[in-house]
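>>> Sequence below, structure please.
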Amino acid sequence: MRALLKSAAAALTGLALAGAAAASDWTPPGPIKLMIAFAAGGGADTQARLIAEDLEAKLGWSFIPEQVTGKGGMNLAMAIKDMPNDGSVIGMVVTETLGYNMAAAEAGVTPADYTPIVTTAGFQMGVVAQSAKGWTSFADVVAAAKDGAELRFGTMSPKLTDLAYLLGKAQGVEFNIVQVRGGRAVMNGVNAGDMDLGFMAGIQTKGVAAGELVNLASALSVPLNQTPEAPTLADLGVDFNADGYFLFIGPAGMPEDARDALAAAIAEAVSTEGMKSNGVIAKAFGGPAVIMGDELSALVAGDYEAAGALLQAASE
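Now for the predicted structure:
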């Protein structure tokens, strides 16, 4: 992800110019319905709404935010699928929605039924515990489990539940996996002692900086920015990861001029210092991670394909 952020930053100057040009060539046919797959008031919802505010202020576009939550973004995906594809309806989900969640749901849709527009930020997904546990490495967790401790591992999605299971399997231990709703619920559970460790996607940053929490492993394909010495899941014997991004989508068949104008405008907003959305993304998600066009389409298709392999591995 670090390489991605660097490449995205290097392209921002050209992107800003392209965004201005694209926006001048295409304008929304009316107010844009912005469907949001996250609970009101959370970091992801705030990010989506601030992006809308930034674009209203800069371009004069009008947005109508609407919460469509549930089933890991699949309720939004099913709702947006047959809506107008002229750029007047877009939705914010995570790449996991069009990957693992879509594959697992067997709802009769695939990523081909949607237009991926642009990503805005990635996850800093770590395996986290309280520092008071005394664990300084994931090896300490494994040792505790092998000594007979029944360890409760918090997750917030079926994909992460599968990854926790495979992580235990790879290390020769069995976790008591507790799936809850949202990363904050995992953090609250860890802090309260109701869970011994769990997946957190950036929400742990302050606690780690304060010495109250510790990143024991990176759930990404690359090291965590904050704790680069922590092993990745691949280092721990797991062939899958929790790489993911916040993603704007539309119905399939969106005209390229609409898709490109929306992508460029959103990318410029989240990547420009002084914009409200850039501020919250820098603070809560470690900075922008912008992917669009053919690269994004390939990413989404690859995630969907990999999801089938993960589901199979977790069922064995």
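
>>> Counting by contacts, list what the longest strand along the chain packs against.
Secondary structure of the chain per DSSP state E: the longest strand is strand 114-122. Packing contacts for strand 114-122, counted by 3 or more C-beta pairs under 8 Å, 6 or more residues apart in numbering; DSSP states H and E, involve helix 43-59, strand 245-251, helix 256-271, helix 276-285, helix 293-315. In this view, the C-beta of every residue, glycine as well, is placed from N, C-alpha and C.

>>> which of these sits most buried?
Stretch with highest mean neighbour count among the helices and strands packed on strand 114-122: strand 245-251 (a mean of 25; mean count of other C-beta atoms under 10 Å).

>>> Could I get the CA-only coordinates of it as CSV?
The C-alpha trace of strand 245-251 is given here as CSV (Å, rounded to 0.1, in the frame of the first residue of the first chain):
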residue,chain,number,x,y,z
TYR,A,245,-10.3,0.2,0.1
PHE,A,246,-13.3,2.5,0.3
LEU,A,247,-14.9,2.4,-3.1
PHE,A,248,-17.4,4.4,-5.1
ILE,A,249,-19.5,2.5,-7.5
GLY,A,250,-22.4,3.0,-9.9
PRO,A,251,-24.7,0.7,-11.9
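
>>> going forward can the numbers begin at 27, since that is how I track them
All set: I'll call the first residue 27, so the last point we hit is now strand 271-277.

>>> Residues touching that strand, excluding its own?
With contact meaning C-beta atoms under 8 Å, 6 or more residues apart in numbering, strand 271-277 is reached by 70, 73, 103, 106-111, 113, 115-121, 123-124, 139-149, 284-285, 288-289, 292, 311, 315, 317, 322, 326.

>>> do stretch 52-65 as well
Contacts for stretch 52-65 (C-beta under 8 Å, 6+ apart): 70-71, 74-75, 78, 87-95, 99, 101-102, 105-106, 109, 112-120, 123, 208, 283-284, 286-287.

>>> next one: stretch 118-132
60-64, 70, 73-74, 97-100, 102-103, 135-137, 140, 142, 145, 183-185, 269-275, 325-326, 329-330, 332-334, 336-337.

>>> Likewise for stretch 333-342?
125-126, 128-130, 185, 188-189, 191-192, 265-266.

>>> Between the helices and strands packed on strand 140-148, which one is closest to G198.
Evaluated with C-beta to C-beta, these place helix 319-341 nearest to G198, the distance being 16.3 Å.

>>> what angle separates the closest one from strand 271-277?
110 degrees (axes from the mean of the first three to the mean of the last three C-alpha atoms, to 10 degrees).

>>> what's the average pLDDT for helix 319-341?
On average, the pLDDT along helix 319-341 is 95.

>>> Next, the angle from that helix to helix 282-297.
Here the directions of helix 319-341 and helix 282-297 differ by 80 degrees (the same axes, to 10 degrees).

>>> Can you show me the helices along the stretch 77-226 of the chain?
Using DSSP state H, counting those that start in this stretch, the helices of the stretch 77-226 of the chain run over residues 100-106, 121-122, 128-131, 164-172, 184-197, 209-218.

>>> quick one, which of those is packed in tightest?
Mean neighbour counts for the helices of the stretch 77-226 of the chain (mean count of other C-beta under 10 Å) peak at helix 121-122, with a mean of 25.

>>> can you give me the mean pLDDT across that helix?
Averaging pLDDT along helix 121-122 yields 96.

>>> and if you look at stretch 75-82?
98.
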